[in-house]
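*Asks:* please find the sequence and the predicted model below.
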Amino acid sequence: MAELRTERLLLRRWHESDLAPWAAMNADPLVRAYLGGVVPRAQAEASARRFDRELEERGWGWWAVEVRATGEFIGFTGLDPVDEEMPFTGVEAGWRLARAAWGRGYATEAAVAVLDFGFRVLALPEILAVTAATNRRSQRVMRKLGMTRDPADDFDDPSMPPGPHRPGVVYRVKRSAFEAARAAHAARAAHAVRATRATRATRADGT
């Protein structure tokens, strides 16, 4: 089974020690706000064990995400065939992180590794992502990955109870658009580094 590494993260198989923090995540109403509500511990643990079996069987799926510097488990990310009950087909990327890990760029960093694996290793022609129309945070990550939304794909998610979060949106990306987004991000990061160095140099010489 492939492990994926990024600058800060390790995407790996699931450990027994992941079960308690995973269950705690899925008992957090904010983490589950767009996912149909919290789930019992037994159900959360069963899902983690299923994810690990699928990773072992096919070599890819929903990886556990660990912070490399600390060994801390912070959630999951990965790829999975779209559920049969959905009104579209394909392979979707997804992510879910503990609330303490929000706002640090981890979701985007992990998702980049997953999409790169999907295009480079699995040779997928396209990868999609699905979320509630109200979930602006996830949609921002999708756009950072080069994904775009076609309103014609909007749908009512049959896995969600009736309510404001049932309308769903689909974002899609092909390899060329994903690589273009990565190149643009790298260029912005390099520019920010150069600007920071220039500012420090100006302060150092007193000008």
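*Replies:* Thanks, I have it.

*Asks:* what's the residue most central in space within the chain in contact with, if anything?
*Replies:* The centroid of the chain falls nearest to Trp95 when counting by Cα atoms, centre = their mean (3.0 Å). By Cβ atoms under 8 Å, 6 or more residues apart in numbering, the contact list for Trp95 reads 65, 75-77, 107, 110-111, 138, 141. Bear in mind the C-beta positions are built from the backbone N, C-alpha and C, glycine included.

*Asks:* ok, now Asp154?
*Replies:* Per Cβ under 8 Å, 6+ apart, neighbours of Asp154: 133, 167-170.

*Asks:* emit the PyMOL select command for whichever of these are buried.
*Replies:* PyMOL command restricting the contacts of Asp154 to the buried ones, with burial defined by 16 or more other Cβ atoms under 10 Å:
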select buried, resi 133+168+169+170
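
*Asks:* would you reformat the contacts of Asp154 as TSV and include secondary structure, pLDDT and distance to Phe178?
*Replies:* Shown next, in TSV, are those (DSSP: H, G, I helix; E, B strand; the rest coil; pLDDT from 0 to 100; distance: Cβ to Cβ, whole Å):
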residue	secondary structure	pLDDT	distance to Phe178
Ala133	coil	97	23
Pro167	strand	97	26
Gly168	strand	97	22
Val169	strand	98	18
Val170	strand	98	16
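
*Asks:* from the contacts of Asp154, pick the one nearest Gly146.
*Replies:* Within these, proximity to Gly146 (Cβ to Cβ) peaks at Val170, which comes in at 14.7 Å.
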